[in-house]
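Novice: When you get a sec, could you give me coordinates for this:
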Amino acid sequence: MNTQRITDDSSSPAQAPGGARLAFGGSTAWGRTETQISQTAYVAFLLLVFVGLSPFATPVTSPGADALGSGAGDAMRQISYLAVFGVIAGMAVLHRGWRALAAIPLSFAILLGWCLLSSAWSLEPAVTLRRAVLVSIVATSAMLAVNTIGPARSLELLRYVLAGVVLVCWISLPLIAQSRHLASDVEQGVAGDWRGLYAHKNIAGAVCADAAIAFLYFALRFRRLVDWALCLAALGFLVGTNSKSSLGLLPLALLAGAVYRFGTKSASNRQIAAIATACLAATAAGSMFVWWGPLVQMLQDPTQFTGRVAIWQAEFAFIRDHPLLGSGYGTFAYTGESSPIYQYISAAWVGTVANGHHGYLELFVTLGIPGFVLAMLALFARPAVWFAERSNLDAGFRGLLFTIFAFFLMHNFVETNFLNTDGAEWVTFLLAIAMLKTARMDLKPLLC
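Specialist: Numbers count the residues shown, from 1 in each chain. As a prediction, this is how the structure comes out:
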C-alpha cells in the first residue's frame, strides 16, 4: 500500500506518516531484519488478540471457568503472549533504548500498578495477580509495538488482520456450525445469531464495528473499491450478529468522529463544534428530565436491557458496601462463589455472566474509588487532552482515532471493555491511543 502522510507538514523522506519511522535500522541488511522481526511480532500479537488459539470454540457453560478468550487461565495462551512480548520489548529497547518506556503514559503505568497491587486485598489473590500480569503484558506489548514500527505501518497491518478476520467470519458461516450461536448454548435467546470465530456475538459485533470504522477511513482516503467492499462486509456481518449495542453505537461514534474532524479544521469550526456538542448535551439532559419517571421505572426492572439491570443493581449494592478498594482486579466474572456480586443476586443466571455489562461500574466494583479515578485519568482524561490540543496531524487520521475512542467509551456503558485482559475491543482502543501518542512524541518530543 502506498502509505500517505499522517502529518500535514512532515517532509522527511526517512520518516513515515506521523513522523514515526517505519524501519529503525536504516538501509542495512540488519536494519531490514530488525524491521521484519518487529512487524512479524506485531502481527503475531494481533493474531493472538483477534483470532486466538481456539477460534470457533464453544462458549463456556459454567461460572467457575475462566472467561473464554481472555487467556486468564490458559497456560499456552499466556506463554504465547509472553513470547511475543519478549520480542516486541527487545526490539523496542534495541530501537530506542530505555527511552522506549516513554511509549507507556505514566498515568497508565500507575493504573496497571494499582491492578497488580489490588491482589493484596483481592477476594481471589491468585486470580487477580494472574490476570493483572496478563493485562500488563498485553497493554505494554501494544504500546511498545506501535511506538517501534510507527503509527502508519501499525494501522496498515491492523487493516490486513481485520480484513482477514472479517473474511474468515463470512466464509465460516456455511462451513462451520459454531460460527452461529447454537440452540444448546448456555445463553438463551441468541440461537442463530452470528458469532464467527468469536465466543459470543457481542465480541464479534464490536470487532466488526471497529473494522468498519477502519475500512471506512481507508476507503475515504484512498478511494479503493476493496476498502469499500471490506467496510460493507464488516457492516453486513455486524448486522448478522444482532449485537444491539454495537449496531446502535456505531452510528453515534461515526457522528462523533465526523464532528471532531470538522471541528479541528479551524478555530471557527472548533467553536461551532463546541456549540453543537453543548446543544446535544442540553437536549439529552432535557429529554432525561422529561422522561425521568419512566427511566427510573425501567432501571428498577431487572429484566430490562436483556437482564443487564439485574447485574447493575447487584454492582451498585456491592459498591455501597465496599467503596474504597473494591474486590480486586479481575475478580468479577468466572470466579464462582467468590464473585463480588454473588451474595447480591437473586437470579441464579446472573452468577454465570462473563462480565458486568457496564465497564464503568465494573471498574468501581473491582478497583474501588482510587482505581476508578486512576482509570478515568489514564483512559479518558489524558487521551481527551491529546485529542483537544492543536496539532498538525492529519485531520482524517485524528478523526479515525477519535471515532474508535468514542465508540470504546460509549460501548462500556453496556459492555465491559476497560482493562479486559486481551479483549479485542480493549486492544483496539490501546492501539488507537498508542498511535496518537507515538505521533505526538515524534512531532513534539518535549511534550511526551
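Novice: Do a quick rundown of the helices in the stretch 101-250 of the chain.
Specialist: Using DSSP state H, counting those that start in this stretch, the helices assigned to the stretch 101-250 of the chain run over residues 106-117, 125-149, 151-175, 201-222, 225-241, 244-263.
Novice: For the last one, buried residues please.
Specialist: This points to helix 244-263. 245-247, 249-250, 253-254, 256-257, 259-263 (16 or more other C-beta atoms under 10 Å). Yep, even glycine has a C-beta here, placed from its N, CA and C like the rest.
Novice: Ok, the shortest one next?
Specialist: Under the neighbour-count criterion of 16+ other C-beta under 10 Å, helix 106-117 has 107-109, 111-112, 114-117 buried.
Novice: looking at the helices of the stretch 101-250 of the chain, which is closest to T421?
Specialist: Taking C-beta to C-beta, helix 125-149 is the member of the helices of the stretch 101-250 of the chain nearest to T421, at 4.8 Å.
Novice: same for the closest one, what does it pack against?
Specialist: helix 29-50, helix 75-96, helix 106-117, helix 151-175, helix 424-443 (3 or more C-beta pairs under 8 Å, 6 or more residues apart in numbering; DSSP states H and E).
Novice: mean confidence score for it?
Specialist: Averaged over helix 125-149, pLDDT sits at 94.
Novice: Between helix 151-175 and that helix, find me the angle.
Specialist: Interaxial angle of helix 125-149 relative to helix 151-175 (axes from the mean of the first three to the mean of the last three C-alpha atoms, to 10 degrees): 120 degrees.
Novice: Any figure for the gap between L111 and V146?
Specialist: 18 Å (C-beta to C-beta, to the nearest Å).
Novice: How about A100?
Specialist: To V146, A100 is 11 Å away according to C-beta to C-beta.
Novice: Tally up the residues packed near the residue nearest to V168 when sequence neighbours are not counted, please.
Specialist: Distances taken as C-beta to C-beta, 6 or more residues apart in numbering place L197 nearest to V168, at 6.1 Å, with adjacent residues excluded. Residues contacting L197 under the criterion other C-beta atoms under 10 Å number 21.
Novice: just A177 next, same as before
Specialist: A177, neighbours per other C-beta under 10 Å, totals 10.
Novice: Begin at 451, not 1, for the rest of this chat.
Specialist: Got it, the first residue is 451 from now on, which makes the last one we talked about A627.
Novice: Toward the C-terminus, what is the element adjacent to the least confident helix or strand in the chain by mean pLDDT?
Specialist: Least confident helix or strand, the chain: helix 742-749 with a mean of 46, by mean pLDDT, DSSP states H and E. For helix 742-749, the following helix or strand on the C-terminal side (DSSP states H and E) is helix 758-771.
Novice: which strands and helices sit next to that next one?
Specialist: Partner elements for helix 758-771 (3+ C-beta pairs under 8 Å, 6+ apart): helix 742-749, helix 809-826.
Novice: what about the closest residue to Y492 other than its chain neighbours, distance to M885?
Specialist: Using C-beta to C-beta, 6+ apart and skipping the chain neighbours, the partner closest in space to Y492 is A595 (4.4 Å). According to C-beta to C-beta, A595 stands 11 Å off from M885.
Novice: Tell me the spacing between L498 and Q528.
Specialist: 11 Å.
Novice: So those two - more neighbours on which side?
Specialist: Neighbour comparison, L498 and Q528: the larger count goes to L498, with 20 against 17 (by other C-beta under 10 Å).
Novice: what's near enough to touch the more buried one?
Specialist: 527, 530-531, 534, 872 (C-beta atoms under 8 Å, 6 or more residues apart in numbering).
Novice: how does it look with 7 Å?
Specialist: By C-beta atoms under 7 Å, 6 or more residues apart in numbering, the contact list for L498 reads 530-531, 534, 872.
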